[in-house]
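A.B. asks: Predicted coordinates and the sequence they were generated for:
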Amino acid sequence: MNVFVSTSDIFWRVLTVFSLTLFGIIARKTGTFREEARQSFADTVMNITLPSLVFVSMTSEITWDRLVSAVPLPFIAFSLILIVSVLVSAVGRLIPMPAERRGTFMVLSAMPNSSFIAYPVVLSVLGQEGLAYAVLYDIGVSTAFFSVAIFALQGGPINKGSWKALINPALMATLLGLTINRMGITVPELVLAPLRIMGNATVPLAMLLTGYLLAGLKVQSKAISIELAAVCLCKLILYPVLAYFVVMPFNLEPMVRMVVLIVAAMPSMASTPVLVQKYGGDGEFAVAGVFVTTLLSVVTIPLMIRFLG
């Protein structure tokens with residue numbers, strides 16, 4: 001697929017993906033989708049449809065040679081988050097804010113929504129091959145989320161239970177797919193066909209769930225502040241610009257580089273309020289940050305892709 005597409009084409013593809021969140025918002029407001037079913041719905045995506053999509057991408061949509069060219073992606077993802085975290089911490093010291101808000105400020109600014117929103121956008125803009133690269137990149141983001149982010153919030157050592165969250169069906173599907181691809185095994189179409197159908201449900205279901213979660217966020221007026229504006233600036237503008245310069249020394253394929261830039265342009269990680277609730281921080285500020293960056297990213301993602309990609 002041609003990586004260099006027009007701004008209007010990128011905008012409409014991103015807008016189409018984000019428009020699916022409206023169904024989730026409507027489902028929540030009308031009571032069609034009940035709160036008690038939310039976790040089961042999320043588990044369906046994370047444990048069934050997403051692993052199916054990942055396995056198909058890793059085994060049938062990309063060659064081993066091209067996967068090898070993307071080996072630096074997890075390292076780039078983790079390193080970029082570390083760099084942004086240090087810079088954002090410095091910015092945070094320049095802005096007067098309560099002590100309990102500083103860790104939350106850093107997590108909102110440094111942790112991109114690398115799966116629930118990034119996967120659908122990458123799939124829409126770059127196709128299945130781009131998705132395979134995004135999955136590799138997400139390994140680095142997930143590692144940072146359960147280490148750097150937790151350390152920023154609680155300021156201490158990470159417990160073993162946090163690391164266990166890294167072992168999940170999507171990662172298992174990634175490793176299995178990589179192994180099969182490396183061994184040159186051809187997966188029968190009889191196996192791939194149902195997995196492909198199941199995997200195709202990931203995008204609408206993930207965005208439906210995103211819309212449902214957004215509709216449930218209650219942004220308090222006191223959370224709207226200069227700190228929130230700083231989060232939007234850091235996450236949606238400075239982060240992808242920094243990513244552009246970080247990937248320059250690496251001899252990456254154009255599509256691989258584009259994946260880094262797309263994920264870097266994503267809004268704040270949707271799981272941030274949950275992490276803040278568990279490890280400490282400003283919960284209302286976390287909710288506001290996720291909500292506002294997600295809304296603004298509909299415009300900023302196409303712009304960042306166009307001007308940096």
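C.D. replies: Yes, it's here.

A.B. asks: mean confidence for the lengthiest helix in the chain?
C.D. replies: If you go by DSSP state H, the chain has its longest helix at helix 118-145. Mean per-residue pLDDT for helix 118-145: 89.

A.B. asks: contact partners of the helix or strand that comes right after it?
C.D. replies: Later in the chain than helix 118-145, the nearest helix or strand by DSSP states H and E is helix 148-154. Contacts to helix 148-154, defined as CB atoms under 8 Å, 6 or more residues apart in numbering, come from residues 81-82, 85, 103-104, 106-107, 110-111, 157-158, 162, 269, 272, 275-276, 279-281. (Each C-beta comes from the backbone N, C-alpha and C, glycine too.)

A.B. asks: List the buried residues for the longest helix of the chain?
C.D. replies: Buried residues in helix 118-145, defined by neighbour count with 16 or more other CB atoms under 10 Å: 118-126, 128-145.

A.B. asks: shaky segments in this protein?
C.D. replies: Along the chain, segments meeting pLDDT under 70 span 1-7, 155-166, 219-224, 309.

A.B. asks: Alpha carbons only: can I get stretch 76-91 in PDB?
C.D. replies: This file holds the C-alpha atoms of stretch 76-91, laid out as PDB (Å, rounded to 0.1, in the frame of the first residue of the first chain):
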ATOM      1  CA  ILE A  76      12.000   2.400  20.000                       C
ATOM      2  CA  ALA A  77       8.600   2.400  21.800                       C
ATOM      3  CA  PHE A  78      10.100   1.900  25.300                       C
ATOM      4  CA  SER A  79      12.900   4.400  24.700                       C
ATOM      5  CA  LEU A  80      10.600   7.100  23.300                       C
ATOM      6  CA  ILE A  81       8.400   6.800  26.400                       C
ATOM      7  CA  LEU A  82      11.400   7.100  28.700                       C
ATOM      8  CA  ILE A  83      12.600  10.200  26.800                       C
ATOM      9  CA  VAL A  84       9.100  11.800  26.800                       C
ATOM     10  CA  SER A  85       8.700  11.000  30.500                       C
ATOM     11  CA  VAL A  86      11.900  12.800  31.400                       C
ATOM     12  CA  LEU A  87      11.000  15.900  29.300                       C
ATOM     13  CA  VAL A  88       7.400  16.000  30.500                       C
ATOM     14  CA  SER A  89       8.600  15.800  34.100                       C
ATOM     15  CA  ALA A  90      10.700  18.900  33.500                       C
ATOM     16  CA  VAL A  91       7.700  20.600  31.900                       C
END
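
A.B. asks: Give the next helix or strand downstream of the strand or helix carrying residue 90.
C.D. replies: Per DSSP H and E, residue 90 falls inside helix 73-94. Downstream of helix 73-94, the first helix or strand assigned by DSSP H and E is helix 99-110.

A.B. asks: what angle do that following helix and helix 118-145 make?
C.D. replies: Interaxial angle, helix 99-110 versus helix 118-145 (axes from the mean of the first three to the mean of the last three CA atoms, to 10 degrees): 130 degrees.
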